[in-house]
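Q: Pasting the sequence and the predicted model now:
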Amino acid sequence: MNNNKCVRGLILVLFTLCIPTLTRANGNNDGNELLKMCTEAQYAIETRDFRSPEQVFMCLGFIQGVQSSLELVVAAQEMGGEIKDSMFKLCWPDGITLGQNVRVVTKYLKDNPKDLHRYKTYLALQAFIEAYQCTG
């Protein structure tokens, strides 16, 4: 019982800190910037030509960070026994690569230009939910 309260508290704190910034962004935190970074990363992955190394590594680090954060939230929810209907429980394919996740996020951004003003973490989360949400 006490473990459930700790897990719930952790999740609540994480979302309380993040929610105000999830819907709108400005400057370098929006989808326009993420699209620019990850377009460069996708180009580098496909051609092995690093035109803009800083952009490439910023995208790779960001995408890996979002994936790791999602996995942490799921692990915390599992510890608390609350994972049953979570939108954050994603079914990551076996053998998934960072390059594949860059492509998933880049495609989502290109397919949803109306949302590029939103915060980049929110957009990456939406891309992963759309691509990997568990069914059934």
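A: Right, received. Where do you want to start?

Q: same for the lengthiest helix in the chain, what does it pack against?
A: Assignment by DSSP state H gives helix 53-79 as the longest helix of the chain. Using 3 or more CB pairs under 8 Å, 6 or more residues apart in numbering; DSSP states H and E, the elements in contact with helix 53-79 are helix 2-22, helix 31-47, helix 98-111, helix 120-132. The way it works is simple: take the backbone N, C-alpha and C, and place the C-beta from them, glycine included.

Q: rank those helices by pLDDT, which is bottom?
A: Here the helices and strands packed on helix 53-79 differ in mean pLDDT, and the lowest is helix 2-22 at a mean of 50.

Q: Count the neighbours of residue 63 for me.
A: 26 (other CB atoms under 10 Å).

Q: Apologies, that question was intended for residue 40.
A: For residue 40, using other CB under 10 Å, the count is 22.

Q: pretty sure it is touching residue 59, no?
A: Yes - with contacts counted by CB atoms under 8 Å, residue 40 reaches residue 59, the gap being 6.8 Å.

Q: got the buried residues for the longest helix of the chain?
A: 55-56, 58-60, 62-63, 66-67, 69-70, 73-74, 76-77 (16 or more other CB atoms under 10 Å).

Q: just the angle between it and helix 120-132, please?
A: 70 degrees (axes from the mean of the first three to the mean of the last three CA atoms, to 10 degrees).

Q: Hmm, residue 90 and residue 128 touching each other?
A: Yes - applying CB under 8 Å, one finds residue 128 in contact with residue 90, separated by 5.9 Å.
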